[in-house]
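# Need coordinates for the following:
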Amino acid sequence: MVRKRKNLPKKCSTKGYTGGDDEDRISELPDDILVVILSLLSVKEAASTSILCSRWINLWKHTNSLDFDGDAALYKTARLKKELQFNERRKYVRWVNSIIQSHKSHTIQKLRIQFFLRKEEADTLTKWFEYAFSRQVPSLEIDLSPPNFICFGTPDVNYVFPQEFTNSATCFDLKHLKALSLKFITVTREAIEFFLNNCPFLEKFIVHHTERMSKLEICGSSLALKHLELCYCFGLDSVRISAPNLTSLTVRVYSELILENVPMLDELRVGYGYGDFPGKKLLPAYSACISQLKSLTLFLNNLKGSTDLCKFPEMPKLKKLVIAYCSKGEDSLLPLTSLIRASTRLQEFVLELDWYELSRSDREIETSVRFPHEHLKVVKFFGYYGRSSDHEFVRYFIDNCVVLERLIIDPHFVPYAPHDPITPTKLAREITAMDCAKRQLESQVPAHIELVIP
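Sure, this is the predicted structure:
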């Protein structure tokens, strides 16, 4: 029921307001509506509204969402020494604990923890899990990603998900859990099975950067799972998935991927180890879903053995293709065009290029295969460096895309550790690449194609 105007608390000051109406309209909203609005903000943003006037002092404490966004602090932490990073972690822990203690809402729809915490904070993290489970939070995200690349390869410092939670006699009711994301937390196969068995309405499950798993099966005709991500699970050799409601899958394995009974799957992101192109492994895995995919992302590290790309079956429904590729030297990128030709209805292509070795030669540009693409409208090339292989790859699209509208050439590659500081060397390299792209392409791109070089 909307409150009558005479029952409203004292309105906030409108001093300094220069609009056409001096009336404070937002104060006319009932508390319930204001709390809903504040629930869309991070905790820090919501709490900052307490200074507006007396009515707002405690409103943020009734929000149904607790987003402890530590992104800004992570950028700062990336530039600090280890002992100072420890101090920042302590500060973050105290902040979260104080908010949880003062929060008054009986129901919480979302809890998000995002900061670089390690096994030294194990007791605190376990209490936060207990808090989320006891409040029956439907959406839980614990992201303990480190601030820079140096810390990415040290899973031994990760917090380990407590084994006692996986005990069948647990007192927590997890039936309300619909979305769970665990990043940089050591999660065992038993823990994953525990969540799948005890969360019948779990639709979104994300696990990034963990270890202690070599084989995993996610199977069940009654699984509600729609979105699954298994990334950088070190030592994960084999994954078998049978989930009739699954629509989106991201997985990186070292040996074997088996997909069965995935009739709804239309978005797939997949990578295999770090060896040659795994054509013999990819093709059998795709057989269960290749004809229904609308979006496909491939993580590739080596195009040796790429003749298997020519054997890729047609993907008649694919509209978006993304290839994340680590290049070495002047390796030609043209073998990737076989995948593009297999995508007969493709509308958007994205290449995310990183380099093992940077080099630029003066070799001649190869003549690409002529093959008209009648639906491809947008091409994005991240990590363009101006090598002959980069140039000839872009020429392929200029020569073959009949309805191409936008060509985006960006020298920035997609970062593995987004909080890593940009060094002067990296910045100079990207400026050189940008100048090279303009020199190579501006005169070659037809006027009807929008060329974007940031």
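# buried residues in stretch 217-228?
For stretch 217-228, a neighbour-count test (16 or more other Cβ atoms under 10 Å) marks I218, L223, A224, L225, K226, H227, L228 as buried. In short, each C-beta sits where N, CA and C put it, glycine included.
# average pLDDT across it?
Stretch 217-228 carries an average pLDDT of 96.
# From the rest of the structure, what touches it?
192, 196, 200-206, 239-251, 260-261, 264 (Cβ atoms under 8 Å, 6 or more residues apart in numbering).
# Restricted to buried residues, select these in ChimeraX.
Entered in ChimeraX, the line below selects the buried ones among these, by 16+ other Cβ under 10 Å:
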select :192,196,202,203,204,205,206,239,241,242,243,244,245,246,247,248,249,250,251,261
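# Looking at the contacts of stretch 217-228, which are in helices?
I192, L196 (DSSP state H).
# Inside strands: which ones of the contacts of stretch 217-228?
Using DSSP state E, K204, F205, I206, V239, R240, I241, S242, S248, L249, T250, V251, E260 are the members of the contacts of stretch 217-228 that sit in strands.
# Could I get those in JSON lines, plus columns for pLDDT?
As requested, these are exported to JSON lines (pLDDT from 0 to 100):
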{"residue": "K204", "pLDDT": "98"}
{"residue": "F205", "pLDDT": "98"}
{"residue": "I206", "pLDDT": "97"}
{"residue": "V239", "pLDDT": "92"}
{"residue": "R240", "pLDDT": "94"}
{"residue": "I241", "pLDDT": "95"}
{"residue": "S242", "pLDDT": "96"}
{"residue": "S248", "pLDDT": "98"}
{"residue": "L249", "pLDDT": "97"}
{"residue": "T250", "pLDDT": "95"}
{"residue": "V251", "pLDDT": "92"}
{"residue": "E260", "pLDDT": "93"}
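# from those, which is closest to Q114?
Of all those, I206 has the smallest distance to Q114: 13.1 Å, by Cβ to Cβ.
# quick one: contacts for the closest one?
By Cβ under 8 Å, 6+ apart, the neighbours of I206 are E141, L180, S181, L182, K183, H227, L228, E229.
# and with 10 Å instead?
Shown in contact with I206 (Cβ atoms under 10 Å, 6 or more residues apart in numbering): 141, 143, 179-183, 227-231, 250.
# Roughly how far does it sit from K215?
As judged by Cβ to Cβ, to the nearest Å, I206 and K215 stand 20 Å apart.
# Could you point out which of the contacts of I206 is nearest to P162?
For these, the minimum distance to P162 (Cβ to Cβ) is 12.3 Å, reached by L182.
# Which of the helices or strands spans the closest one?
strand 179-183 (DSSP states H and E).
# Let me know the average pLDDT across that strand.
97.
# Which other helices and strands does that strand contact?
If you count contacts as 3 or more Cβ pairs under 10 Å, 6 or more residues apart in numbering; DSSP states H and E, strand 179-183 packs onto strand 110-114, strand 139-143, helix 189-198, strand 204-210, strand 227-233.
# what's the third one packed up against?
This means helix 189-198. Using 3+ Cβ pairs under 10 Å, 6+ apart: helix 189-198 touches strand 179-183, strand 204-210, strand 215-219, strand 227-233.
# Quick one, which of those gets closest to K319.
strand 227-233 (18.6 Å).
# Pull out the buried positions in stretch 57-72.
Of the residues in stretch 57-72, L59, W60, K61, H62, T63, N64, S65, L66, D67, F68, D69, G70 count as buried by neighbour count, 16+ other Cβ under 10 Å.
# Pull the distance from the helix ranked longest in the chain to the chain's centre.
Longest helix in the chain, counting residues (DSSP H): helix 82-102. The chain centre lies 25 Å from the centre of helix 82-102; the measure is Cα atoms, centre = their mean, to the nearest Å.
# Compute the inter-axis angle for that helix and strand 110-114.
160 degrees (axes from the mean of the first three to the mean of the last three Cα atoms, to 10 degrees).
# which helices and strands sit right next to helix 82-102?
Using 3+ Cβ pairs under 10 Å, 6+ apart, helix 82-102 sits against helix 43-47, strand 65-69, helix 71-77, strand 110-114, helix 122-134.
# By mean pLDDT, show me the worst of these.
Among the helices and strands packed on helix 82-102, helix 71-77 scores lowest, with a mean of 70.
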